[in-house]
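Trainee: sequence first, then the predicted structure, then my questions.
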Amino acid sequence: MLSQFLAVFSDIGLLHITWGQFGMIAIGLALIYLAITKKYEPLLLLPIGFGIILGNIPLADLMQAPAEGVRGGLMWYIYQGVDLAIFPPLIFLGIGAMTDFSPLMANPYTVLLGAGAQAGIFSSFLGAVYLGFTAPQAGSIGIIGGADGPTAVFLTTHLAPELLGPIAVAAHSYMALVPVIQPPVIRLLTSKKERSIRMPKMRPIPQTEKILFPVIITVLVGLIIPQAIPLVGMLMLGNLMRESGVVDRLADAAANELTNIVTIFLAVAVGASASAERFFTVEFLSILALGLAAFAVSTAAGTLLAKIMNWISKGKINPLIGAAGVSAVPQAARVAQQMGREEDPSNYLLMHAMGPNVAGVIGSAVAAGVLWSVLG
C-alpha cells in the first residue's frame with residue numbers, strides 16, 4: 001500500500017518541474033495576458049501562450065515522439081502539420097479567400113513597397129551568418145523579417161528543421177506584436193505632416209481583372225520561382241475562389257472554418273514546441289534578436305521607400321503605407337490606418353495600406369522561394 005502511494009506521489013508534476021519550465025509557463029501566461037487585456041492579435045497569442053504552458057507541464061509528455069509500442073503525445077501528432085509544412089499553405093489558402101487584392105491592382109506601384117519591406121530578411125541573413133549560423137539557418141532566421149509566421153515555418157522545415165521551434169515561436173510572436181514594434185520605428189522616420197497626407201481615391205477594379213489576377217500571378221511566379229508555388233499557389237487559389245463568385249461555399253469555408261481550425265492547431269503546436277531546454281539558450285536569444293532586427297529593418301525600409309515615392313509624386317503618397325509592406329495581414333495595414341487617424345481623424349488609409357500589405361504577402365513567399373532555391 002505504501003509503495004503504491006509513493007508511486008502515485010512520485011507522479012505529481014510539481015515535484016519534477018524545473019526553473020526553466022516555470023519560466024516558460026510565465027512567458028505563456030504573459031502572452032495570454034497580452035492577448036486578453038491588450039488585445040494584441042489574440043487569435044495568435046492566446047493559443048501560442050496556452051500551448052507554451054501545455055508543452056512545459058512536467059511528465060505530461062505532450063510533445064513526446066512515438067516509439068516502438070508507445071504512442072506519441074497529442075501535440076506531437078498535431079505538430080506534424082507544422083513539421084511537414086502542411087499548415088502554412090492551408091493558412092495561405094484562407095488568407096487568399098478573405099483578401100481583396102483590388103488595392104494592389106489599383107495602385108501597382110505598391111508592389112515596390114511590398115518588395116522593399118523585405119529588406120530586413122536579407123540584412124538579418126547577413127547578421128546570422130556573421131554570428132556563426134549556417135547559410136540555410138541564416139535564411140530561415142532572416143525570413144522572420146517578413147512578419148509572416150506561416151512563411152517562416154514553411155521555409156524552416158526545408159532549410160533548417162532543427163531550428164523550427166524557436167523560429168516558429170519568434171515569427172508568430174513578432175507577427176502578433178506588429179502594433180507594438182512598428183509605431184516607434186515609423187514615428188522615428190516620418191513627420192506629423194507626412195503622416196497626415198491624404199491619398200487620392202483608388203480606381204474601381206472590374207470583376208474580370210480580379211479573376212485574371214490570381215491566375216496570372218500563379219503562372220508568372222510558378223515559371224520563375226517554382227519553389228514559391230506551395231504558398232503563392234494556395235494564396236491565389238483562395239483568392240480565385242473568392243472572386244469567381246461560383247464557389248462561395250468553398251471560399252467561405254476556406255476563409256472561416258478551415259483557417260480557424262488550422263490556426264488553432266498551428267498556434268497551439270508551435271507554443272507546445274517551446275520547451276525550456278530548447279529556448280533558454282544563447283542560440284534562441286540570438287534568433288529573437290535577429291528576428292526583431294529583421295522586422296525593424298523591413299518596417300524602416302518600407303517607410304523610407306514610401307517617403308521617396310511621396311517626394312517623386314509631389315506629396316501624394318503617405319509614408320505610413322510603406323510600413324504595411326511587411327506581410328502581416330491585416331495587422332500592418334491597421335497600424336497605418338490607426339497612426340494616420342491619430343494625426344487626422346477623418347483620414348482613411350486602410351485600403352491604401354492594404355495594397356503594399358498584400359504585396360508583402362506575395363513578396364515574403366517569393367523571398368522564401370528564392371532562399372529555398374539558393375540555399376536548399
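Mentor: All right, it came through fine. As the structure is a prediction and not an experimental result, all values here were calculated from the model.
Trainee: Leu59 should be in a helix, yeah?
Mentor: No: under the criterion used here (DSSP: H, G, I helix; E, B strand; the rest coil), Leu59 is coil, not part of a helix.
Trainee: phi, psi of it?
Mentor: phi 70, psi -10 (degrees, to the nearest 10).
Trainee: give me the pLDDT for it.
Mentor: Listed pLDDT for Leu59 reads 81.
Trainee: same check, this time on Gly146
Mentor: 77.
Trainee: and if you look at Gly360?
Mentor: pLDDT at Gly360 comes out at 90.
Trainee: shouldn't it be in contact with Ile121?
Mentor: No: using Cβ atoms under 8 Å, Gly360 and Ile121 do not qualify as a contacting pair, with a distance of 11.0 Å. C-beta: built from backbone N, CA, C; applies to glycine.
Trainee: give the residues shared as contacts by the two.
Mentor: Gly146 (Cβ atoms under 8 Å, 6 or more residues apart in numbering).
Trainee: so between those two, which is more surrounded?
Mentor: Gly360 (33 against 30; other Cβ atoms under 10 Å).
Trainee: okay, and that one sits in which element?
Mentor: Assigned by DSSP states H and E, Gly360 falls within helix 350-375.
Trainee: distance from the chain centre to that helix, please.
Mentor: Once both centres are worked out by Cα atoms, centre = their mean, to the nearest Å, helix 350-375 turns out to sit 11 Å from its chain's centre.
Trainee: three-state assignment of the nearest residue to Pro66 once chain neighbours are set aside?
Mentor: Once flanking residues are discounted, Pro66 sits nearest to Gly72: 3.6 Å by Cβ to Cβ, 6 or more residues apart in numbering. Following three-state DSSP, the label given to Gly72 is coil.
Trainee: where's Ile321 relative to Ala333, distance?
Mentor: Ile321 sits 8 Å away from Ala333, going by Cβ to Cβ, to the nearest Å.
Trainee: let's see stretch 37-46 as CSV, backbone CA atoms only.
Mentor: Extracted in CSV, the C-alpha atoms of stretch 37-46 (Å, rounded to 0.1, in the frame of the first residue of the first chain):
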residue,chain,number,x,y,z
THR,A,37,-6.1,42.6,-21.8
LYS,A,38,-4.2,44.4,-24.6
LYS,A,39,-5.8,42.5,-27.5
TYR,A,40,-2.5,42.1,-29.3
GLU,A,41,-3.6,39.6,-32.0
PRO,A,42,-5.4,37.3,-29.6
LEU,A,43,-6.1,34.7,-32.4
LEU,A,44,-2.3,34.0,-32.3
LEU,A,45,-1.0,35.0,-28.9
LEU,A,46,-3.7,33.2,-26.8
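Trainee: in terms of pLDDT, where does Phe295 sit?
Mentor: So, for Phe295, pLDDT stands at 86.
Trainee: how many neighbouring residues does Pro108 have?
Mentor: 10.
Trainee: tell me which element it is part of?
Mentor: Pro108 belongs to no helix or strand, assigned by DSSP H and E.
Trainee: backbone dihedrals for it, please?
Mentor: phi -60, psi -20.
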